[in-house]
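Okay, predicted coordinates and the sequence, questions at the end:
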Amino acid sequence: MTAPRPLIAGNWKMYGLGPALEEGLKVAAAIADAPPRARTALCVPATLVERMARAVAGSALIVGGEDLHPEASGAHTGDISGEMLQDAGARMVIIGHSERRAAYGESDALVAAKTRAALRAGLEPVICVGETLAEREAGRTLDIICGQVKASVPAEVSGSAFAVAYEPVWAIGTGLTPTLAQIEEAHVALRAALVESLGEAGRTAPILYGGSVKPSNAAEILQAREVGGALVGGASLKAADFLAIVRAAD
Ligand code: PGA
C-alpha cells in the first residue's frame, strides 16, 4: 500500500488584501510546473476565498476557509456557512484553531458541530487541537490533546477526507517548536486516540503539525513519526517560503 499523500496547508489568518492573491498564483504555478508529493492548500480570509479560487482555478492548489458557522444559513450576522464557503470555491476549512478557541471560547462541542457542518457542505475539515504552555508544564499535554480530539472529531468524519492538526498553543507564531521527540509523542498519542474513537477511519487521516513551521525546520518535522503534513501560519504568506515547505515533503 502506498503511503497517503501528506497535506501542507497554509493558514493566512487575518492577513491578505487583493495584492496577496499573487502569492497564491505563484504557488499554483510552481506546483503545476513540478507536482509535489504533498497535497497543497491555502486557507485564506473569507474575503479572498472566491478571488483566490477563481485565480487558481484548474490548478492542484486547494483553497480553503479559516472558520465556518455550524448552520447552513440563518440569522447570524457576520457569520459564514460551509455552504457559502463551498459556493465561493473553497474545498477545505480550518476548524477549532486555538486562536478561535481562546478568543471566542469555542468548545470541543462547537468544533464538532462545525466539523459536521463542513462535511455537510462538502468541505474537508482540518480540526485543530493543542495544549497551552501551562498545560504542558503541568504534564497534561497528552490528556488535553487526546481529550480534545475525541470530543472535537465526530464519528461522521468516517468515510470523508479530514485532517487533524496538532498545534501546541505556545509554538504558534512564537518561533518556538517542540522537540522532535515531543512532536512524535503527541502525534503517536493522537493517532491512538483517533483509532480508539473512530476505528479504521482514524488510522489514515493525516495528523498535521503546526506551530512555527518554516523552510529551515520543515523537512525534519515532516519525517517524524505520524506527522502527515503541516499547518503553516506566518511562513505561508510568502510563496517562496511556503513552496520550500511544500518541497520539504517531496
Ligand atoms: P505559525 O502559525 O506557523 O505562524 O506559528 C500556525 C497556525 O497558527 O496555524
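Received, thanks.

Close to the ligand: what parts of the protein are there?
For the chain, the residues in contact with the ligand (CB under 6 Å from any ligand atom) are 11, 167, 172-173, 210-213, 231-235. C-beta coordinates here come from the backbone N, C-alpha and C atoms, glycine included.

Return the residues in contact with the closest residue to V44 other than its chain neighbours.
For V44, ignoring the flanking residues on the chain, the nearest one in space by CB to CB, 6 or more residues apart in numbering is W12 at 4.7 Å. Shown in contact with W12 (CB atoms under 8 Å, 6 or more residues apart in numbering): A20, L42, C43, V44, P45, L48, E66, S236, L237.

follow-up on the earlier one: in the residues of the chain next to the ligand, find the pair that's most separated.
E167 and A235 (13.8 Å; CB to CB).

And these two? Which one has more around it.
E167 (26 against 20; other CB atoms under 10 Å).

ok, G234 - how many residues close by?
Counted with other CB under 10 Å, G234 comes out at 18.

Need the nearest residue in space to it, chain neighbours excluded.
Residue nearest to G234 in three dimensions, not counting chain neighbours: G173, with 6.3 Å by CB to CB, 6+ apart.

Tell me the spacing between the one you found and A235.
Going from G173 to A235 by CB to CB, to the nearest Å gives 11 Å.

Stretch 171-187: which residues count as buried?
By neighbour count with 16 or more other CB atoms under 10 Å, stretch 171-187 contains the buried residues A171, I172, T177, P178, I183, E184, E185, A186, H187.

Okay, and which of those map to helices?
Mapping the buried residues of stretch 171-187 onto helices (DSSP state H) picks out I183, E184, E185, A186, H187.

Now the third one. Nearest residue, chain neighbours left out?
In this case it means E185. Nearest to E185 is L142, by CB to CB, 6+ apart, at 7.3 Å.
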